[in-house]
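>>> The following comprises the amino acid sequence and a computationally predicted model.
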Amino acid sequence: MERGRPPVRQQGLTEGSCHPELCLSPAPAPAVPPFCPVPPAPGAAPGAACAPAVPCRCLLALLTPFTSSPRSSGLVHIKNPHLETMDEDVLYHLDLGTKTHNLPAMFGDIKHGMGIPSVSIMLHELIKLLHHAKCRDVTIIRIGTSGGLGVEAGSVVITDRAVDACFQPRFEQVVLGDVVVRGTDLDGGLVEELLACSKAVPDFPTLVGHTMCTYDFYEGQGRLDGALCSFSNEKKLEYLKRAHDAGVRNIEMESTAFAALCGLCGLRAAVVCVTLLDRLEGDQIRASHEVLHEYQQRPQRLVAAFIRRRLGLCAATGNTQPSSD
(Lines give C-alpha, C1' and ligand atoms only; values in the text may rest on other atoms or scores of the structure.)
Protein backbone atom coordinates (compact mmCIF):
# COMPACT_ATOMS: atom_id res chain seq x y z
CA MET A 1 0.00 0.00 0.00
CA GLU A 2 1.28 3.44 -0.91
CA ARG A 3 2.71 5.19 2.14
CA GLY A 4 0.39 7.76 3.68
CA ARG A 5 -2.54 6.73 1.48
CA PRO A 6 -5.73 5.48 3.11
CA PRO A 7 -6.71 1.87 2.41
CA VAL A 8 -8.79 1.29 -0.68
CA ARG A 9 -11.92 -0.82 -0.79
CA GLN A 10 -14.17 -1.53 -3.74
CA GLN A 11 -17.84 -0.68 -3.59
CA GLY A 12 -20.51 -1.58 -6.06
CA LEU A 13 -23.75 -3.40 -6.61
CA THR A 14 -24.01 -6.58 -8.63
CA GLU A 15 -27.17 -8.17 -9.85
CA GLY A 16 -28.71 -10.31 -7.15
CA SER A 17 -26.30 -9.09 -4.44
CA CYS A 18 -27.53 -7.50 -1.21
CA HIS A 19 -25.83 -5.92 1.76
CA PRO A 20 -27.95 -6.53 4.89
CA GLU A 21 -27.37 -3.02 6.23
CA LEU A 22 -28.20 -1.38 2.92
CA CYS A 23 -31.15 -3.51 1.86
CA LEU A 24 -34.13 -1.21 1.69
CA SER A 25 -36.48 -3.44 -0.24
CA PRO A 26 -39.82 -1.89 0.71
CA ALA A 27 -43.28 -3.30 0.84
CA PRO A 28 -45.18 -2.71 -2.41
CA ALA A 29 -45.77 1.01 -2.71
CA PRO A 30 -49.32 2.29 -3.12
CA ALA A 31 -50.20 3.47 -6.57
CA VAL A 32 -49.39 7.16 -6.99
CA PRO A 33 -49.54 9.24 -10.13
CA PRO A 34 -46.19 9.91 -11.82
CA PHE A 35 -44.70 13.16 -10.56
CA CYS A 36 -44.59 15.97 -13.10
CA PRO A 37 -43.08 19.45 -12.62
CA VAL A 38 -45.45 20.97 -15.18
CA PRO A 39 -48.64 22.32 -13.51
CA PRO A 40 -52.03 21.33 -14.93
CA ALA A 41 -53.92 23.72 -17.14
CA PRO A 42 -55.81 26.57 -15.42
CA GLY A 43 -59.20 25.41 -14.16
CA ALA A 44 -58.24 21.75 -14.24
CA ALA A 45 -59.45 19.52 -11.43
CA PRO A 46 -56.97 18.79 -8.62
CA GLY A 47 -54.74 15.89 -9.57
CA ALA A 48 -55.52 16.23 -13.27
CA ALA A 49 -52.75 15.05 -15.55
CA CYS A 50 -50.82 17.74 -17.32
CA ALA A 51 -50.41 17.82 -21.06
CA PRO A 52 -47.62 20.31 -21.77
CA ALA A 53 -47.52 21.64 -25.30
CA VAL A 54 -43.87 22.62 -24.99
CA PRO A 55 -40.83 20.69 -23.77
CA CYS A 56 -40.36 20.67 -20.01
CA ARG A 57 -37.73 23.20 -18.93
CA CYS A 58 -36.38 20.92 -16.24
CA LEU A 59 -33.19 19.72 -17.92
CA LEU A 60 -31.67 18.20 -14.81
CA ALA A 61 -34.26 15.65 -13.71
CA LEU A 62 -36.27 14.37 -16.63
CA LEU A 63 -39.32 12.65 -15.26
CA THR A 64 -40.15 10.58 -18.31
CA PRO A 65 -41.83 7.18 -18.49
CA PHE A 66 -39.89 3.99 -19.17
CA THR A 67 -40.99 0.44 -19.75
CA SER A 68 -38.64 -0.88 -17.08
CA SER A 69 -37.00 0.34 -13.90
CA PRO A 70 -34.47 -0.90 -11.32
CA ARG A 71 -37.35 -1.97 -9.06
CA SER A 72 -40.87 -2.95 -9.95
CA SER A 73 -42.41 0.14 -8.28
CA GLY A 74 -40.24 2.48 -10.32
CA LEU A 75 -39.65 4.68 -7.25
CA VAL A 76 -36.26 6.17 -6.39
CA HIS A 77 -34.72 4.20 -3.53
CA ILE A 78 -32.14 5.55 -1.10
CA LYS A 79 -29.14 3.41 -0.11
CA ASN A 80 -29.14 4.70 3.48
CA PRO A 81 -31.15 2.87 6.20
CA HIS A 82 -30.68 5.76 8.65
CA LEU A 83 -33.12 7.98 6.75
CA GLU A 84 -36.03 5.79 7.77
CA THR A 85 -35.38 6.56 11.46
CA MET A 86 -35.30 10.35 11.03
CA ASP A 87 -38.27 12.36 12.25
CA GLU A 88 -37.58 14.95 9.54
CA ASP A 89 -35.11 15.18 6.67
CA VAL A 90 -34.04 18.76 6.02
CA LEU A 91 -32.56 19.29 2.54
CA TYR A 92 -30.62 22.31 3.75
CA HIS A 93 -29.03 23.42 0.49
CA LEU A 94 -32.37 23.20 -1.32
CA ASP A 95 -34.31 24.98 1.47
CA LEU A 96 -36.74 22.05 1.66
CA GLY A 97 -37.82 19.57 4.30
CA THR A 98 -40.05 16.53 4.59
CA LYS A 99 -42.18 18.25 7.26
CA THR A 100 -42.17 21.81 5.99
CA HIS A 101 -42.96 20.99 2.36
CA ASN A 102 -45.32 18.63 0.56
CA LEU A 103 -42.57 17.12 -1.59
CA PRO A 104 -44.76 14.69 -3.61
CA ALA A 105 -46.80 17.69 -4.80
CA MET A 106 -43.97 20.04 -5.70
CA PHE A 107 -40.66 20.25 -7.49
CA GLY A 108 -38.21 23.14 -7.79
CA ASP A 109 -35.37 24.25 -10.04
CA ILE A 110 -32.00 23.03 -8.82
CA LYS A 111 -28.83 25.06 -9.34
CA HIS A 112 -25.33 24.08 -8.31
CA GLY A 113 -21.77 25.33 -8.42
CA MET A 114 -18.72 23.88 -10.13
CA GLY A 115 -16.85 20.64 -9.68
CA ILE A 116 -17.25 17.36 -7.82
CA PRO A 117 -17.96 18.79 -4.33
CA SER A 118 -20.82 20.96 -5.58
CA VAL A 119 -22.39 18.30 -7.80
CA SER A 120 -22.07 15.73 -4.99
CA ILE A 121 -23.93 17.94 -2.50
CA MET A 122 -26.60 18.74 -5.06
CA LEU A 123 -27.07 15.09 -6.07
CA HIS A 124 -27.35 13.77 -2.51
CA GLU A 125 -30.16 16.21 -1.82
CA LEU A 126 -31.77 15.92 -5.25
CA ILE A 127 -31.87 12.12 -5.03
CA LYS A 128 -33.38 12.34 -1.54
CA LEU A 129 -35.91 14.83 -2.89
CA LEU A 130 -36.88 12.42 -5.67
CA HIS A 131 -37.24 9.65 -3.10
CA HIS A 132 -39.40 11.68 -0.71
CA ALA A 133 -41.49 13.01 -3.62
CA LYS A 134 -42.11 9.41 -4.76
CA CYS A 135 -40.88 10.14 -8.27
CA ARG A 136 -40.90 7.18 -10.65
CA ASP A 137 -38.68 6.05 -13.52
CA VAL A 138 -36.38 9.06 -13.34
CA THR A 139 -33.73 9.95 -15.90
CA ILE A 140 -31.13 12.56 -14.94
CA ILE A 141 -29.11 14.33 -17.62
CA ARG A 142 -26.21 16.61 -16.81
CA ILE A 143 -25.73 19.36 -19.37
CA GLY A 144 -22.88 21.84 -19.40
CA THR A 145 -19.63 23.01 -20.94
CA SER A 146 -16.27 21.35 -21.31
CA GLY A 147 -12.91 21.51 -23.02
CA GLY A 148 -12.70 19.45 -26.19
CA LEU A 149 -9.91 17.06 -27.11
CA GLY A 150 -9.33 16.67 -30.82
CA VAL A 151 -12.82 17.97 -31.67
CA GLU A 152 -13.84 21.36 -32.97
CA ALA A 153 -15.18 24.02 -30.65
CA GLY A 154 -18.96 23.93 -30.40
CA SER A 155 -19.20 20.14 -30.70
CA VAL A 156 -21.59 18.36 -28.35
CA VAL A 157 -20.17 15.25 -26.68
CA ILE A 158 -22.47 12.56 -25.31
CA THR A 159 -20.48 10.67 -22.69
CA ASP A 160 -20.30 6.91 -23.07
CA ARG A 161 -17.78 6.53 -20.24
CA ALA A 162 -16.75 8.90 -17.46
CA VAL A 163 -13.07 8.43 -16.59
CA ASP A 164 -10.67 9.96 -14.09
CA ALA A 165 -7.41 11.78 -14.82
CA CYS A 166 -5.68 8.39 -15.29
CA PHE A 167 -8.31 7.44 -17.93
CA GLN A 168 -9.94 4.83 -15.66
CA PRO A 169 -13.75 4.50 -15.26
CA ARG A 170 -13.80 5.08 -11.53
CA PHE A 171 -14.62 7.64 -8.85
CA GLU A 172 -12.66 7.69 -5.61
CA GLN A 173 -14.40 8.98 -2.49
CA VAL A 174 -12.75 9.12 0.94
CA VAL A 175 -15.24 7.75 3.49
CA LEU A 176 -14.19 7.57 7.16
CA GLY A 177 -10.54 7.61 6.14
CA ASP A 178 -10.87 4.85 3.54
CA VAL A 179 -10.72 5.42 -0.21
CA VAL A 180 -13.91 3.92 -1.65
CA VAL A 181 -13.71 3.19 -5.39
CA ARG A 182 -17.01 3.39 -7.24
CA GLY A 183 -17.84 2.55 -10.83
CA THR A 184 -18.90 5.22 -13.31
CA ASP A 185 -21.04 3.30 -15.78
CA LEU A 186 -23.63 5.29 -17.71
CA ASP A 187 -26.72 3.99 -19.50
CA GLY A 188 -25.70 2.82 -22.98
CA GLY A 189 -29.26 2.81 -24.27
CA LEU A 190 -29.71 6.42 -23.20
CA VAL A 191 -26.50 7.35 -25.03
CA GLU A 192 -27.84 5.83 -28.24
CA GLU A 193 -31.21 7.51 -27.82
CA LEU A 194 -29.60 10.92 -27.33
CA LEU A 195 -27.38 10.37 -30.37
CA ALA A 196 -30.45 9.50 -32.45
CA CYS A 197 -32.09 12.74 -31.26
CA SER A 198 -29.13 14.73 -32.59
CA LYS A 199 -30.63 14.31 -36.07
CA ALA A 200 -33.22 16.89 -35.01
CA VAL A 201 -30.45 19.45 -34.45
CA PRO A 202 -28.10 18.93 -37.42
CA ASP A 203 -26.52 22.40 -37.43
CA PHE A 204 -23.75 21.41 -34.97
CA PRO A 205 -21.63 18.26 -34.64
CA THR A 206 -22.64 15.69 -32.04
CA LEU A 207 -20.48 12.71 -31.13
CA VAL A 208 -20.07 9.99 -28.52
CA GLY A 209 -16.85 9.68 -26.53
CA HIS A 210 -15.19 9.30 -23.14
CA THR A 211 -15.30 12.29 -20.78
CA MET A 212 -12.35 12.88 -18.45
CA CYS A 213 -13.29 14.31 -15.06
CA THR A 214 -10.69 16.15 -12.97
CA TYR A 215 -10.65 17.72 -9.51
CA ASP A 216 -9.08 20.92 -10.79
CA PHE A 217 -9.46 23.29 -13.75
CA TYR A 218 -5.80 24.27 -14.12
CA GLU A 219 -3.04 21.83 -13.13
CA GLY A 220 -5.45 18.88 -13.08
CA GLN A 221 -6.35 19.53 -16.73
CA GLY A 222 -2.78 20.27 -17.84
CA ARG A 223 -3.28 24.00 -18.30
CA LEU A 224 -0.32 26.35 -18.63
CA ASP A 225 -2.23 29.48 -17.56
CA GLY A 226 -2.89 28.84 -13.86
CA ALA A 227 -1.21 30.43 -10.83
CA LEU A 228 0.92 27.26 -10.57
CA CYS A 229 2.48 25.24 -13.38
CA SER A 230 5.31 22.74 -12.99
CA PHE A 231 5.33 21.22 -16.48
CA SER A 232 6.22 22.23 -20.02
CA ASN A 233 3.97 22.64 -23.04
CA GLU A 234 5.52 19.47 -24.47
CA LYS A 235 4.60 17.46 -21.36
CA LYS A 236 1.10 18.90 -21.45
CA LEU A 237 0.56 17.91 -25.07
CA GLU A 238 2.00 14.45 -24.45
CA TYR A 239 -0.55 13.90 -21.65
CA LEU A 240 -3.50 15.25 -23.61
CA LYS A 241 -2.60 13.12 -26.63
CA ARG A 242 -2.49 10.05 -24.39
CA ALA A 243 -5.94 10.96 -23.15
CA HIS A 244 -7.17 11.31 -26.72
CA ASP A 245 -5.67 7.95 -27.64
CA ALA A 246 -7.56 6.45 -24.68
CA GLY A 247 -10.85 7.68 -26.17
CA VAL A 248 -11.28 10.93 -24.24
CA ARG A 249 -13.04 13.60 -26.30
CA ASN A 250 -13.75 16.22 -23.63
CA ILE A 251 -12.71 17.28 -20.12
CA GLU A 252 -14.84 18.61 -17.27
CA MET A 253 -15.13 18.34 -13.47
CA GLU A 254 -18.35 16.54 -12.54
CA SER A 255 -19.00 13.44 -14.61
CA THR A 256 -17.39 10.68 -12.50
CA ALA A 257 -19.16 11.72 -9.29
CA PHE A 258 -22.40 12.22 -11.21
CA ALA A 259 -22.21 8.79 -12.83
CA ALA A 260 -21.21 7.03 -9.60
CA LEU A 261 -24.00 8.49 -7.44
CA CYS A 262 -26.69 8.00 -10.06
CA GLY A 263 -25.55 4.45 -10.74
CA LEU A 264 -25.54 3.42 -7.08
CA CYS A 265 -29.08 4.78 -6.65
CA GLY A 266 -30.40 3.00 -9.75
CA LEU A 267 -31.03 6.13 -11.83
CA ARG A 268 -30.63 6.25 -15.59
CA ALA A 269 -28.13 9.02 -16.24
CA ALA A 270 -26.36 10.75 -19.11
CA VAL A 271 -23.84 13.56 -19.58
CA VAL A 272 -24.15 15.97 -22.51
CA CYS A 273 -21.59 18.79 -22.74
CA VAL A 274 -20.55 21.27 -25.41
CA THR A 275 -16.86 21.92 -26.05
CA LEU A 276 -15.75 25.56 -25.86
CA LEU A 277 -12.32 24.95 -27.42
CA ASP A 278 -9.93 22.21 -28.53
CA ARG A 279 -7.38 21.77 -25.73
CA LEU A 280 -4.84 20.39 -28.19
CA GLU A 281 -4.74 23.89 -29.67
CA GLY A 282 -4.55 25.96 -26.49
CA ASP A 283 -5.84 26.71 -22.99
CA GLN A 284 -7.59 30.06 -23.37
CA ILE A 285 -11.17 30.38 -24.59
CA ARG A 286 -11.03 32.89 -27.46
CA ALA A 287 -14.59 32.78 -28.79
CA SER A 288 -16.76 35.88 -28.45
CA HIS A 289 -19.49 36.21 -25.84
CA GLU A 290 -22.15 35.80 -28.53
CA VAL A 291 -20.56 32.62 -29.88
CA LEU A 292 -20.14 31.14 -26.39
CA HIS A 293 -23.77 31.94 -25.60
CA GLU A 294 -24.89 30.01 -28.69
CA TYR A 295 -22.53 27.12 -27.86
CA GLN A 296 -24.01 26.80 -24.37
CA GLN A 297 -27.51 26.42 -25.82
CA ARG A 298 -26.52 23.40 -27.90
CA PRO A 299 -26.73 20.74 -25.16
CA GLN A 300 -30.05 22.25 -24.11
CA ARG A 301 -31.37 21.97 -27.67
CA LEU A 302 -30.29 18.34 -27.93
CA VAL A 303 -31.88 17.42 -24.60
CA ALA A 304 -35.01 19.39 -25.58
CA ALA A 305 -35.22 17.20 -28.70
CA PHE A 306 -34.95 14.17 -26.42
CA ILE A 307 -37.79 15.48 -24.23
CA ARG A 308 -39.96 16.19 -27.27
CA ARG A 309 -39.39 12.64 -28.46
CA ARG A 310 -40.33 11.22 -25.06
CA LEU A 311 -43.46 13.37 -24.93
CA GLY A 312 -44.49 12.34 -28.44
CA LEU A 313 -43.89 15.83 -29.85
CA CYS A 314 -41.48 14.75 -32.57
CA ALA A 315 -43.20 17.00 -35.09
CA ALA A 316 -41.64 19.97 -33.32
CA THR A 317 -38.67 21.34 -35.21
CA GLY A 318 -35.54 20.55 -33.24
CA ASN A 319 -33.47 22.96 -35.29
CA THR A 320 -35.45 25.97 -34.10
CA GLN A 321 -33.23 28.46 -32.31
CA PRO A 322 -34.39 29.35 -28.79
CA SER A 323 -35.63 32.87 -28.18
CA SER A 324 -33.45 35.45 -26.50
CA ASP A 325 -36.05 36.09 -23.77
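In hand now; what should we look at?
>>> Show me the shaky parts of the stretch 201-325 of the chain.
315-325 (pLDDT under 70).
>>> Would you map the strands across it?
Along the stretch 201-325 of the chain, counting by DSSP state E, counting those that start in this stretch, strands occupy 206-213, 248-252, 268-278.
>>> would you turn the ones you listed into JSON lines with distance to residue 149?
Backbone N, C-alpha and C define where each C-beta goes, glycine included. Output for these, formatted as JSON lines (distance: least, C-beta to C-beta, whole Å):
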{"stretch": "strand 206-213", "distance to residue 149": "8"}
{"stretch": "strand 248-252", "distance to residue 149": "5"}
{"stretch": "strand 268-278", "distance to residue 149": "7"}
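>>> JSON lines for those, including distance to residue 171 and mean neighbour count?
Shown next, in JSON lines, are the strands of the stretch 201-325 of the chain (distance: least, C-beta to C-beta, whole Å; neighbours: other C-beta atoms under 10 Å):
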{"stretch": "strand 206-213", "distance to residue 171": "8", "mean neighbour count": "23"}
{"stretch": "strand 248-252", "distance to residue 171": "14", "mean neighbour count": "25"}
{"stretch": "strand 268-278", "distance to residue 171": "13", "mean neighbour count": "24"}
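>>> Which parts of this protein are helices?
116-132, 188-197, 233-245, 255-264, 289-310 (DSSP state H).
>>> So which bits of the longest one are buried?
So the one you mean is helix 289-310. 292, 294-295, 298-310 (16 or more other C-beta atoms under 10 Å).
>>> what's the closest of those to residue 215?
Distance to residue 215, by C-beta to C-beta, is smallest for residue 299 among the buried residues of helix 289-310, at 22.6 Å.
>>> for the closest residue to the closest one other than its chain neighbours, which residues make a bridge with it?
Leaving aside its sequence neighbours, residue 299 sits nearest to residue 143 (C-beta to C-beta, 6 or more residues apart in numbering; 4.0 Å). Beta-bridge pairing for residue 143 (DSSP bridges): residue 272.
>>> Count the neighbours of residue 143 for me.
19 (other C-beta atoms under 10 Å).
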